[in-house]
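>>> sequence first, predicted model second:
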Amino acid sequence: MSSLAARLAEFRIRLSRATQRSGRGNVGMVAVTKTVPTAIIAEAIALGLTVFGENRVQEAWPKIEALPTVEWHFIGRLQTNKVKDVVGRFQLIHSLDRWRLAEALQREAQAQNLRVSVLIQVNLGGEEQKGGISPAELQDFLSATVDLPQLQVEGLMAIPPYMTDPEEARPYFREMFRLFSDCRLPGRGMKILSMGMSNDFEVAIEEGANLIRVGSLLFGREKYSQGE
């Protein structure tokens, strides 16, 4: 068994147990493939993974072209000048974090005559180095997106402050689930709550996440070189 197969098998056991503890049904997973070469991603596909996340447009392009049959999500902070390179290539954008970006996505989606699926990023911890809408502004932001018909808001995403002990992140995940449950988007239903990563996904699931992002837990912490 390859190291990836072994890691994936262990992860699936932990995922199943966490999902059972949550009592909320199935949980989706995005395999984060930043710096991971295409050959390793192809191995992951052979092992049954179907959704992959990239946070750099230029790195993602050759992977998407080589592996077009799987689902690709854009998970990094998106600059407005990169919108034209993302719309139409990624099935879901996880990081809508400001109104200027929402307008840019609307314009590009309209130009391409398609709808773009997004998650609104919420900055739970008020961290300056992270993007995201503040919890206090979330409902107003959501309501305003109704005027951008090319945007399909599928749900919310959050990355709480990093904690060595995942239990310390539990209050953030709990608050995020409350926000997700309470916010309203007129005329549309939101279904995705994306939170939790390699170090804390089990706690996130227990507190209501139905989509997680896992990278180092699957692919290790090796620094791959592009093209290897």
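Yes, it's here. Numbering: from 1, shown residues only.

>>> run a quick neighbour tally on the closest residue to M163 other than its chain neighbours.
Excluding its sequence neighbours, the residue lying closest to M163 (CB to CB, 6 or more residues apart in numbering) is A169, at 4.6 Å. Just so you know, the C-beta spots here come from the backbone N, C-alpha and C atoms, and that holds for glycine as well. Neighbour count of A169, defined by other CB atoms under 10 Å: 25.

>>> please give me every residue in contact with the residue minimising distance to the centre of the chain.
Centroid-nearest residue in the chain, with CA atoms, centre = their mean: H94, separated by 4.6 Å. H94 sits next to 53, 73-75, 118-119, 121, 157, 194, 213 when contact means CB atoms under 8 Å, 6 or more residues apart in numbering.

>>> mind picking the two most distant members of those?
V118 and R213 (15.4 Å; CB to CB).

>>> ok, back up a step: sec struct for the residue nearest to the centre of the chain, please.
strand (DSSP: H, G, I helix; E, B strand; the rest coil).

>>> check what pLDDT it gets.
With respect to pLDDT, H94 scores 97.

>>> please tell me how far it sits from G76.
8 Å (CB to CB, to the nearest Å).

>>> what about the longest helix belonging to the chain, distance to the chain center?
In the chain, taking DSSP state H as the definition, the longest helix is helix 3-22. Its chain's C-alpha centre and that of helix 3-22 lie 19 Å apart, by CA atoms, centre = their mean, to the nearest Å.

>>> element containing L218?
L218 is part of helix 216-219 when elements are defined by DSSP states H and E.
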